[in-house]
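> pasted the sequence and its predicted model underneath.
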Amino acid sequence: MVDNEEALVPVVEALPDGMAKLNITYDGQQGDLPDAVSFDSTDADLMQGATEAVRAGDVPGIDAHPDADFTDFIVDRYPVCAGVPFNRLSLRPKTPFGGRPGDESTKR
Amino acid sequence: MIETAMVFTRDGHPIFWLSPNGCTPGSVPDSDVMWNRIWGDRDIIGGVAHTHPWDGPTGASHTDVTTFAAIEAGLGKRLYWPIVTMTHVSYFTWLDEVREYGLVQHVDFRDTNHWFEVVKTLRQLSQTGG
């Protein structure tokens, strides 16, 4: 028996138009930047903000890493959709591979 | 022949094959789908194998090495990074003593069962801790 059906309604934090939540993955942990960011921010700006926040320990869910380095991470951009009513950004490691004979950077 | 990639567990069992969409003879594209699988299976993952579609042992490219480093930074753990050619599997990992990614060993599978050798080697590496 549910006494208060309103309690079952998920609480979704409203974001102003054009703003987004930035999710960050680092060192086996994930968290959202506390402040919303512009969905149109450049990758460089987002990485700079994430770097400063993770180094300072300002991202809930991610321990402070004074030497945090997001080199070779990339930004995925997910606009509002039916299941998620706000823009999302995800800063995560890149995953491509590739090479041609003779251009290896390690020894064979 | 195009490149592809496969995520495997610490016991060497394949758990994800990257769809060949976008793969070329010289590259495997970035994939948020593969990253999400790596992240979701981070407690059991042993590494990610990919191909270099030519004969003989291979080194890792700059693209490969920077991807190794990025994924490990995201996961907070070290992995194995086999590269499979038409004749060999070359196993790479981070080498603390030289502080760079380096070759652990090559396996020539021309006279053996390809994936049997891959799985056997991964199990040996897992049991010895590298």
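Ah, there it is.
> now check stretch B:49-64, is it near chain A?
Yes: Stretch B:49-64 comes into contact with chain A when judged by Cβ under 8 Å from any Cβ of the partner chain, the residues involved being B:50, B:52, B:54, B:56-64. In this view, the C-beta of every residue, glycine as well, is placed from N, C-alpha and C.
> what of stretch B:26-42?
Yes: part of stretch B:26-42 sits close enough to chain A to count as contact by Cβ under 8 Å from any Cβ, namely B:26-32, B:34-35, B:38-39, B:42.
> circling back: give me the buried entries from the residues of stretch B:49-64 next to chain A.
B:50, B:52, B:57-61, B:63-64 (16 or more other Cβ atoms under 10 Å in any protein chain shown).
> identify, from the residues you listed, the entry nearest to B:Asn21.
Of all those, the one sitting nearest B:Asn21 is B:His50; the distance, using Cβ to Cβ, is 15.2 Å.
> in the buried ones among the residues of stretch B:49-64 next to chain A, find the pair that's most separated.
B:Pro57 and B:Thr63 (18.4 Å).
> in contact with the most centrally placed residue in chain A, which residues?
Most central in chain A under Cα atoms, centre = their mean is A:Asn23, positioned 2.5 Å from the mean C-alpha point. With contact taken as Cβ atoms under 8 Å, 6 or more residues apart in numbering or on different chains, A:Asn23 is in contact with A:30-33, A:88-91.
> any idea what it is bridged to?
A:Asp32, A:Ser90 (DSSP bridges).
> now do the contacts for the residue sitting nearest the centre point of chain B.
For chain B, B:Ala49 is the residue whose C-alpha lies nearest the centre (Cα atoms, centre = their mean; 2.4 Å). Applying Cβ under 8 Å, 6+ apart, one finds that B:Ala49 lies in contact with B:5-6, B:8, B:81-84, B:89, B:118.
> can you narrow these down to the ones near chain A?
Checked against chain A using Cβ under 8 Å from any Cβ, the contacts of B:Ala49 give the following subset in range: B:Ala5.
> any chance of the contacts of B:Ala49 in CSV with secondary structure as columns?
Output for the contacts of B:Ala49, formatted as CSV (DSSP: H, G, I helix; E, B strand; the rest coil):
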residue, secondary structure
B:Ala5, strand
B:Met6, strand
B:Phe8, strand
B:Trp81, strand
B:Pro82, strand
B:Ile83, strand
B:Val84, strand
B:Val89, strand
B:Val118, helix
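> just the buried ones from the contacts of B:Ala49?
B:5-6, B:8, B:81-84, B:89, B:118.
> can I get the residues you listed in JSON lines with pLDDT?
Formatted as JSON lines, the buried ones among the contacts of B:Ala49 follow (pLDDT from 0 to 100):
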{"residue": "B:Ala5", "pLDDT": "90"}
{"residue": "B:Met6", "pLDDT": "92"}
{"residue": "B:Phe8", "pLDDT": "94"}
{"residue": "B:Trp81", "pLDDT": "96"}
{"residue": "B:Pro82", "pLDDT": "94"}
{"residue": "B:Ile83", "pLDDT": "93"}
{"residue": "B:Val84", "pLDDT": "88"}
{"residue": "B:Val89", "pLDDT": "88"}
{"residue": "B:Val118", "pLDDT": "64"}
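> if anything else comes up later, I'll come back, but that's it for now.
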